[in-house]
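[1] next come a sequence and a model predicted from it.
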Amino acid sequence: MKAKSIQGRSFQETKRLFNESMLDGFRPTLAIVFTSLKDDWELIRELLNEKKIALFGTSSNGEFIGEQYEIGSTTMLLLDMPPAYFKLEMEDVEDTNTVEVAREIGESGLATFTNPGFIISGSSTSIRAEEIIHGLVDACGIEVNIVGGNSSSDSMQGGFLFNNTRRSDKGILALILDQDKIRMEGEAISGWKPMGTEKTITACEGNWIKTLDHKPALGMLLKYMGVEIDFTDEIDLYNKIGSIYPVQIQGDDGTARIIPPLFFNEEEGSFMLAAGPVQKGAKVKFSLPPDLDVVDAVVNTARQLKEQSLNEADALIIFSCIGRLNTLGPFINDEIKGLTDVWEIPSIGFFTFGEYGRAKNGLPTFHGTTVSWVALKEN
């Protein structure tokens with residue numbers, strides 16, 4: 001399978017690069033598109049429809065195809081994958097039917113391929129992301145391969161998805177691959193180190209953690225942080241708490257799910273996680289502020305997987321949480337470069353509002369402040 005990646009800072013530049021990519025006879029069948037240029041999504045769709053190229057598209061807030069991210073661009077990963085090896089599904093969801101819709105997508109994958117793998121995106125911060133995982137697992141089993149990231153935007157209100165026919169402001173987009181033909185290898189990793197002892201959730205409601213060890217949860221989090229917070233500024237709250245001090249929910253499989261606090265109730269002394277619902281009795285730990293070891297952990301994990309499981313690949317897709325950009329600052333480029341240097345293949349990525357994937361030796365789940373990447377190889 002041949003792959004090429006392009007990045008344009010306007011639709012005109014993107015179109016020029018797209019056309020130039022085919023001057024050597026390259027004929028892509030599938031395009032994965034991440035774009036900050038939200039008003040251009042229809043132009044992008046028309047451009048790809050003219051060439052009869054299948055489209056997996058999301059809005060984004062920061063994109064990359066190499067070692068340096070850009071704000072306000074369109075990136076494309078173009079693949080000449082045989083159409084018989086993949087299928088695209090995009091479905092709208094409501095607050096009450098996310099599991100059902102995700103299950104139907106999983107069943108569609110199983111009806112098409114014996115061994116389907118899923119690259120997915122959700123289109124809103126209000127979407128029940130964990131329920132997407134539950135629906136796909138219900139249909140395909142716990143061993144199902146799931147990777148992806150939710151669309152993003154320049155606000156905390158979420159983004160949108162688009163394909164060859166329409167746009168969805170609250171839905172699920174899935175690229176379903178025949179893993180007997182296209183191999184998927186990757187991992188979701190945060191690198192944030194746990195801090196302190198385990199705490200038990202003693203009161204909760206939905207995504208809200210109200211008490212830890214019978215004490216106000218927010219007070220305990222602020223005590224560990226030791227910083228002053230302006231509770232009137234939601235963006236400042238996320239930048240100072242959520243992206244730096246995610247909560248680590250301890251799993252029965254020995255792994256931790258890293259989820260940032262997203263909203264805060266100062267009066268009640270509680271905080272809401274970006275994914276949920278949380279369960280009473282669950283064990284959690286707080287996180288240390290990240291250092292450069294975070295970047296090393298991500299790159300070393302990729303290097304180990306390549307050496308042990310997949311020596312060569314055709315394309316690389318990276319879903320990196322917007323919280324990593326906020327926290328790591330310019331060092332995020334070291335992380336991107338580290339991943340692309342490991343593989344040395346055409347790549348694409350963007351900063352997401354939550355990520356899907358497996359931690360090492362873990363189950364498929366939804367994460368925050370995490371980078372989830374996947375390398376693709378035609379068998």
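    Noted; the coordinates are in hand.
[2] so where's the stretch 1-150 of the chain uncertain?
    Nowhere does the stretch 1-150 of the chain drop to pLDDT under 70.
[3] what segments of it are helices?
    Along the stretch 1-150 of the chain, counting by DSSP state H, counting those that start in this stretch, helices occupy 11-20, 41-50, 98-112, 129-140.
[4] most tightly surrounded among the ones you listed?
    Compared across the helices of the stretch 1-150 of the chain, helix 129-140 shows the largest average neighbour count, a mean of 23 (mean count of other Cβ atoms under 10 Å). Backbone N, C-alpha and C define where each C-beta goes, glycine included.
[5] and the angle for it with helix 98-112?
    40 degrees (axes from the mean of the first three to the mean of the last three Cα atoms, to 10 degrees).
[6] run through who's touching helix 129-140.
    Helix 129-140 has contacts (Cβ atoms under 8 Å, 6 or more residues apart in numbering) with 98-107, 109-110, 116, 118, 120, 122, 144, 146, 150, 172, 275-277, 354, 356, 364-366.
[7] ok, the nearest residue to Gly276 once chain neighbours are set aside - contacts?
    Nearest non-adjacent residue to Gly276, counting by Cβ to Cβ, 6 or more residues apart in numbering: Asn207, 3.2 Å away. Going by Cβ under 8 Å, 6+ apart, Asn207 touches 262, 272-278.
[8] try it again with 10 Å
    128, 130, 259, 261-263, 271-278 (Cβ atoms under 10 Å, 6 or more residues apart in numbering).
[9] one more: Thr98?
    91, 122, 127-132, 134-135, 170-172.
[10] what do you get for Ala188?
    Per Cβ under 10 Å, 6+ apart, neighbours of Ala188: 146-149, 255, 257-258, 301, 319, 355-360, 362, 364-367, 370-374.
[11] check the offset of the strand or helix carrying it from the chain's centre.
    Assessed by DSSP states H and E, Ala188 sits inside strand 182-189. In terms of Cα atoms, centre = their mean, to the nearest Å, the centre of strand 182-189 is set 13 Å apart from its chain centre.
[12] given that strand, what are its sheet partners and their directions?
    Looking at strand 182-189 with DSSP bridges, its partner strands are strand 371-378 (antiparallel).
[13] so what sits opposite the most centrally placed residue in the chain in the bridge?
    In the chain, the centroid-proximal residue (Cα atoms, centre = their mean) is Gly149; its distance is 2.1 Å. Beta-bridge partners for Gly149, by DSSP bridges, are Glu355.
[14] still on that earlier bit, got a markdown table for the contacts of Thr98, with distance to Pro82 too?
    Putting the contacts of Thr98 into a markdown table (distance: Cβ to Cβ, whole Å) gives the following:
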| residue | distance to Pro82 |
| --- | --- |
| Glu91 | 24 |
| Gly122 | 27 |
| Ile127 | 31 |
| Arg128 | 34 |
| Ala129 | 31 |
| Glu130 | 33 |
| Glu131 | 32 |
| Ile132 | 27 |
| His134 | 31 |
| Gly135 | 28 |
| Lys170 | 32 |
| Gly171 | 27 |
| Ile172 | 24 |
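[15] closest one to Phe11 out of the residues you listed, please.
    Gly171 (23.7 Å; Cβ to Cβ).
[16] show me what that closest one is bridged to.
    With DSSP bridges as the rule, Gly171 is bridged to Asp92.
[17] in contact with it, which residues?
    89-94, 98, 101, 121-124, 127, 151, 160-163.
[18] and the residues you listed, which are buried?
    89-91, 93, 98, 101, 121-124, 127, 151, 160-163 (16 or more other Cβ atoms under 10 Å).
[19] mind listing the helices for the stretch 251-379 of the chain?
    293-308, 322-328, 332-343.
[20] now do stretch 275-290: distance to the chain's middle.
    In terms of Cα atoms, centre = their mean, the centre of stretch 275-290 is found 19 Å from the chain centre.
[21] what residues does Val144 make contact with?
    106, 109-110, 115-118, 133, 136-138, 179, 358, 363-364.
[22] mind doing that once more with 6 Å?
    Contact partners of Val144, counting by Cβ atoms under 6 Å, 6 or more residues apart in numbering, are Leu136.
[23] do Gly72 as well
    Ser36.
[24] from Ser190, how far off is it?
    27 Å (Cβ to Cβ, to the nearest Å).
[25] do the same with Ser108
    31 Å.
[26] okay but Pro28 is in contact with Met76, surely?
    No: checked against Cβ atoms under 6 Å, the pair Pro28 and Met76 is beyond contact range at 8.9 Å.
[27] with adjacent residues omitted, what lies nearest to Thr75?
    Nearest to Thr75 is Glu63, by Cβ to Cβ, 6+ apart, at 4.3 Å.
[28] swap in Leu222?
    Closest residue in space to Leu222, ignoring its immediate chain neighbours: Ile229 at 6.8 Å, by Cβ to Cβ, 6+ apart.
[29] surely that neighbour forms part of a strand?
    No: using DSSP: H, G, I helix; E, B strand; the rest coil, the assignment for Ile229 is coil, not a strand.
[30] with that, I have no additional questions.
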